[in-house]
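> sequence isn't available, so here's the structure alone:
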Ligand code: NAP
């Protein structure tokens, strides 16, 4: 039902955590990949795992906050495979702080990496997908998009992602391109490894399924949304968090 055989996907932030989970899930379902991270060293582990699965994959190194990184990702997909079927904007950072103490740098950098980068990728990918008359675009938001203590920058970026993705869904639907957002709950990655213990415990208490998630949980949801099985789903926010948001 969720076959991605011969589909070509670009994924930002694929060196670890959720982006790596999505890359490995796509690979297991037959996709060919262009994966991105900030350095050759950081993407090495993902490339080795993809190689051991027998997946065709190339890495494009670059900061997603720069528009040219997205342009290179799309060019690489066309150069290596001749098409682009799926674009996933996953790279993200957080630089937390209470609003009254948040610096301009904290605000700007998180907005650049977590929101503007998705705009760059959607803009570049949609030019090809419009010509093809097909495509899948996925963005990775967060339960924090509804507002979260100490995360004004992150929450604003993640809420912006929902609006951006839904706007893309409206504009690109006529070209048979679907655009959806995944909202992970609390997933075990480097990003959540250093959460304050109290905040983590409080969040865990609110999860009806009573455990945290794995990057492959998000990978499974991404495979579904990228597949033919989800061809009539666009402009949706899919919560994958064990019921954290109810
Ligand atoms: P993570 O383990 O910290 O991984 C972050 C990824 O983003 C890495 O691949 C990193 O590459 C890449 N990255 C960071 N800055 C980048 C930049 N400027 N240019 C290119 N790549 C960059 O984080 P994660 O938990 O997997 O999070 C992935 C996404 O899911 C983020 O958008 C995050 O906001 C979202 N999310 C996570 C959770 C969660 O519970 N973990 C919940 C909700 C939403 P390098 O290795 O090269 O640094």
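Right, received. Where do you want to start? Keep in mind that this is a model prediction, so the values were computed, not measured.

> which bits of the chain sit near the ligand?
12-19, 36-39, 42, 63-65, 90-93, 113-114, 140, 142, 184, 186-187, 189-192 (CB under 6 Å from any ligand atom). Every residue, glycine included, has its C-beta placed from N, CA and C.

> could you list which of those residues belong to helices?
Counted as lying in helices by DSSP state H, out of those, are 17, 18, 19, 42, 190, 191, 192.

> tell me which two of those residues sit farthest apart.
With distance counted by CB to CB, no two of these lie farther apart than 42 and 192, which are 17.9 Å apart.

> from residue 57, how far out is the residue lying closest to residue 8 once chain neighbours are set aside?
For residue 8, the nearest residue in space outside its immediate sequence neighbours is residue 81; the separation is 4.4 Å by CB to CB, 6 or more residues apart in numbering. Separation of residue 81 from residue 57 (CB to CB, to the nearest Å) stands at 10 Å.

> residue 77: neighbouring residues, count only.
As a burial measure, the neighbour count of residue 77 was computed by other CB atoms under 10 Å and equals 26.

> A strand includes it, no?
No. Following the definition DSSP: H, G, I helix; E, B strand; the rest coil, residue 77 is helix and is not counted among the residues of a strand.

> looking at the ones in helices among the residues of the chain next to the ligand, spot the one nearest the ligand.
The ligand lies nearest to residue 17 out of these, by CB to the nearest ligand atom, at 2.2 Å.

> pLDDT score assigned to that closest one?
Predicted confidence (pLDDT) at residue 17: the value is 98.

> which residues are in contact with the nearest residue to residue 92 once chain neighbours are set aside?
The shortest distance from residue 92 to any residue that is not its chain neighbour, by CB to CB, 6+ apart, is 4.9 Å, and that residue is residue 114. Contact analysis of residue 114 by CB atoms under 8 Å, 6 or more residues apart in numbering lists 92, 93, 154, 157, 158, 161.

> assess the claim that the fifth one and residue 147 are in contact.
No. Because the distance of 9.9 Å does not satisfy CB atoms under 8 Å, residue 158 is recorded as not touching residue 147.

> more crowded one of these two?
For residue 158 versus residue 147, neighbours defined as other CB under 10 Å are more numerous around residue 158 (27 against 11).

> in the protein, which residue is closest to the centre?
Per CA atoms, centre = their mean, the C-alpha nearest to the average position across the chain is that of residue 90, at 2.4 Å.

> I'd like the ones in helices among the residues of the chain next to the ligand laid out as JSON lines, including neighbour count.
As requested, these are arranged in JSON lines below (neighbours: other CB atoms under 10 Å):
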{"residue": "17", "neighbour count": "22"}
{"residue": "18", "neighbour count": "30"}
{"residue": "19", "neighbour count": "29"}
{"residue": "42", "neighbour count": "15"}
{"residue": "190", "neighbour count": "9"}
{"residue": "191", "neighbour count": "16"}
{"residue": "192", "neighbour count": "17"}
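
> want to throw those residues into CSV with distance to residue 208?
Putting these into CSV (distance: CB to CB, whole Å) gives the following:
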residue, distance to residue 208
17, 23
18, 21
19, 26
42, 34
190, 26
191, 22
192, 19
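
> the protein: helices as residue ranges?
Using DSSP H, the helices assigned to the chain run over residues 17-28, 40-52, 67-81, 104-111, 117-132, 152-172, 190-193, 197-205, 215-226.

> okay, the ones you listed, which one's buried deepest?
Mean neighbour counts were taken over these using mean count of other CB atoms under 10 Å, and the top value, a mean of 26, falls to helix 17-28.
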